[in-house]
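> have a look; sequence and predicted model below, questions after that.
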Amino acid sequence: MERELRLMKGNEAVAEAAIRAGVDGYFGYPITPQSEIIEYLMEADPAKTTGMVVVQAESEVAAINMVYGGAGCGKKVMTTSSSPGISLKQEGITYIAGAELPCVIVNVVRGGPGLGTIQPAQSDYFQAVKGGGHGDYHLIVLAPASVQEMADFVGLGFDLAFKYRNPVMILSDGAIGQMMEKVWLDPPRERSKEIPEWATTGKTADRKRNIITSLELDPFRQEVFNRKLVEKYDAIRENEVRFEEYLCEDAEYLLVAYGTSARVCQKAVQLAREQGIKAGLLRPITLFPFPTKRISELAGQLKMALAVEMSAGQMVEDVQLSINGKIPVHYYGRMGGMVPTPDEVVENLKERIIGG
Amino acid sequence: MTEEILIAGFGGQGVLSMGMIMAYSGMLQDMEVSWMPSYGPEMRGGTANVIVILSNERISSPIIRHFDTVIILNQQSLDKFEQAVKPGGVLIYDSNGISRHPERKDISVYRIDATEEAIKMNSPKTFNMIVLGGFLRIKPVLTMEDVVAGLKKSLPERYHKMIPENERSLKRGGEIIREINKV
């Protein structure tokens, strides 16, 4: 079968891609601006076609623990929410990371803190990339910048989650969730019938019993486990960095931005170049692992870097770490559900250039 | 070619579906398209608006503040978005319920009495197609063929019998739109 062209909201694309990726179970609870995901799945009723289970749980906490259970059985399972709901899921997420289970979690970010606003924001970067829950763990974090990537990253997310037995977060925002764009959908994949050897199901008489837990009372053995996690995260840093460059070859000023901000910055780069400023854009596609090495390499040719984000300045810290003091690193952003315009970004860049 | 459009009116006037038909039609013409609705509490009984971008290039931000064309269907939207038209741009409005008409002289203003016409045509549901027909007369960025194909794509099968009525409304919109100010 061939790929199919559709006009869809980002949220709808996530839902349709989940069915086509052969997901076994979706567990969610509605919250703006991502409720279309569960609405679409309920309407599509994939239990009748692929056998995929769709459940509206009684709360976000219940939904993430259903994911924990499903993942423990070796199934492809996922949940989606928006910022306040993702905060509620954090206990479950750290348990899933601690139990080394694969799953996909989508956060269609809205402005915070607290209930905040329902408009788009990128203020959950720290939560997604630096922890969120307790303990030394990392999620693999994918940042879609289009409806196409909303669809593509569901399948990619599950591939990575199973490859590393690690939860994957798709960190989107209200703009990409709500907007409609063209999207090419992959042909449906069959749901896998294979049971991974670590799953707590399918025990045969000659096989050892599998136990899934994040508890280890012996500190020596817990440390051995922590070291194993560190090795896994290092392997992810080594193998899974993804980013996109736009006009970076001769750039003197580098914009770094992901998701909706990256789209704004692509236009800002064009406008800056029309005014004779050699600007380029690096768009991280994976936020963990962060494209540290590439940004560090580029620093040699740059005069300045500007991180643009819809937050008070979170990713800018990772840009600073990557550049490690070689050149000035600044931040520009809007908050509270406001989206910066390309003109604003160029104005800010020009002020920084004059300001040195 | 890039055309950045805002459509604003009351919820229920077909603002979002009109934008969707434009986006579908653009897609059928191999354009890049984006459709970004206002979402949230302001939609309940209040104003509804949608940003549609049609382009031959990759579209940058789906959320912008200034537009090539602003289509206004009530007074609140006119008050809020008259200033959002780029200098030299186009404002199209339905005069139904309008007490303060557009005042800017640095933009082209067109009036389309679509509400009145829809009643005359005994076709209140295709009101938004009259407006779209007027827009296409001023900005022929989409072909009528693709708009009709876009209608087929965006309307559920059970409404396909309404398509001839929609086509009539599109055509009528092109006939009744009037120039108020030209730059």
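Received, thanks. Since the model is a prediction, treat every value here as computed from it, not as a measurement.
> run through the residues that contact the residue of chain B found nearest chain A.
For chain B, the nearest residue to chain A under the criterion C-beta to the nearest C-beta is B:S60, separated by 3.4 Å. Using the backbone N, CA and C atoms, a C-beta is placed for each residue, glycine as well. In this structure, B:S60 makes contact with A:263-264, A:266-267, A:342, judged by C-beta atoms under 8 Å, 6 or more residues apart in numbering or on different chains.
> up against chain A, what does chain B have?
Residues of chain B found near chain A (C-beta under 8 Å from any C-beta of the partner chain) are B:20, B:23-24, B:27, B:32-37, B:39-41, B:58-65, B:153.
> buried ones among these?
Buried residues within these, defined by neighbour count using 16 or more other C-beta atoms under 10 Å in any protein chain shown: B:20, B:23-24, B:27, B:32-37, B:39-40, B:59-64, B:153.
> helix, strand or coil: sort out the residue of chain B closest to chain A for me.
Taken by DSSP: H, G, I helix; E, B strand; the rest coil, the conformation at B:S60 corresponds to coil.
> any idea how many residues pack against the closest residue to it other than its chain neighbours?
Closest residue to B:S60 in three dimensions, ignoring its sequence neighbours and counting by C-beta to C-beta, 6 or more residues apart in numbering or on different chains: A:K267, at 3.4 Å. When neighbours are defined as other C-beta atoms under 10 Å in any protein chain shown, A:K267 has 21 of them.
> how near is whichever residue of the stretch 1-150 of chain A sits closest to chain B to A:I327?
In the stretch 1-150 of chain A, no residue comes nearer to chain B than A:I118, which is 4.9 Å away by C-beta to the nearest C-beta. As judged by C-beta to C-beta, to the nearest Å, A:I118 and A:I327 stand 38 Å apart.
> isn't B:Q76 up against B:A48?
No. With contact taken as C-beta atoms under 8 Å, B:Q76 and B:A48 are classed as non-touching, separated by 10.6 Å.
> who has more neighbours, the two?
Taking B:Q76 and B:A48 together and counting by other C-beta under 10 Å, B:A48 has the greater number of neighbours (25 against 15).
> which among the contacts of B:S60 gets closest to chain B?
A:K267 (3.4 Å).
> for that closest one, pull up the helix or strand it's in.
When elements are defined using DSSP states H and E, A:K267 is found to belong to helix A:259-274.
> what's the lowest-mean-pLDDT helix or strand in chain B packed up against?
Comparing every helix and strand of chain B by mean pLDDT, DSSP states H and E singles out helix B:144-154 as the least confident one, with a mean of 89. In terms of contact count using 3 or more C-beta pairs under 8 Å, 6 or more residues apart in numbering or on different chains; DSSP states H and E, helix B:144-154 is assigned the packing partners helix B:15-28, helix B:127-138, helix B:163-176.
> these: which one's closest to B:V85?
Taking C-beta to C-beta as the criterion, helix B:127-138 is the member of those that comes nearest to B:V85, at 12.9 Å.
> got the contact list for that closest one?
Here helix B:127-138 makes contact (C-beta under 8 Å, 6+ apart) with B:5, B:13-15, B:17-18, B:21-22, B:69, B:71, B:73, B:90, B:92, B:94, B:108, B:110, B:112, B:114-115, B:117-118, B:121, B:142, B:144, B:147, B:166, B:169-174, B:176-177.
> how about the nearest residue to residue 39, chain neighbours excluded?
Using chain A. By the measure of C-beta to C-beta, 6+ apart, the closest residue to A:E39 outside its immediate chain neighbours is A:P30, 7.7 Å from it.
> not quite, I wanted chain B
Leaving aside its sequence neighbours, B:Y39 is closest to A:Q178 (5.3 Å, by C-beta to C-beta, 6+ apart).
> pLDDT wise, what is the one you found at?
Model confidence at A:Q178, expressed as pLDDT, equals 96.
> that one contacts A:A13, doesn't it?
No. The pair A:Q178 and A:A13 fails to qualify as a contact (C-beta under 8 Å) at a distance of 11.5 Å.
> so for these two, which sits in the more crowded spot?
A:A13 (30 against 26).
> A:S82: neighbouring residues, count only.
As a burial measure, the neighbour count of A:S82 was computed by other C-beta under 10 Å and equals 28.
> also B:R100?
Residues near B:R100, counting by other C-beta under 10 Å, number 9.
> quick check: it vs B:D79, distance?
7 Å.
> before we move on, what about A:M179?
Spatial separation of A:M179 from B:D79 under the definition C-beta to C-beta is 26 Å.
> the two: who's more crowded?
A direct count of neighbours by other C-beta under 10 Å for A:M179 and B:D79 places A:M179 higher, at 26 against 11.
> from chain B, how far off is the more buried one?
When distances are taken as C-beta to the nearest C-beta, to the nearest Å, A:M179 and chain B turn out to be 4 Å apart.
> neighbours of the nearest residue to A:A18 once chain neighbours are set aside, how many?
Take A:A18 and drop its neighbours on the chain: the residue closest to it by C-beta to C-beta, 6+ apart is A:V154, 5.4 Å away. Counted by other C-beta under 10 Å, the residues lying close to A:V154 total 29.
> how about A:V154, secondary structure?
When the rule is three-state DSSP, A:V154 gets the label helix.
> contacting residues around it?
Here A:V154 is in contact with A:14, A:17-18, A:21, A:23, A:78, A:104, A:170 (criterion: C-beta under 8 Å, 6+ apart).
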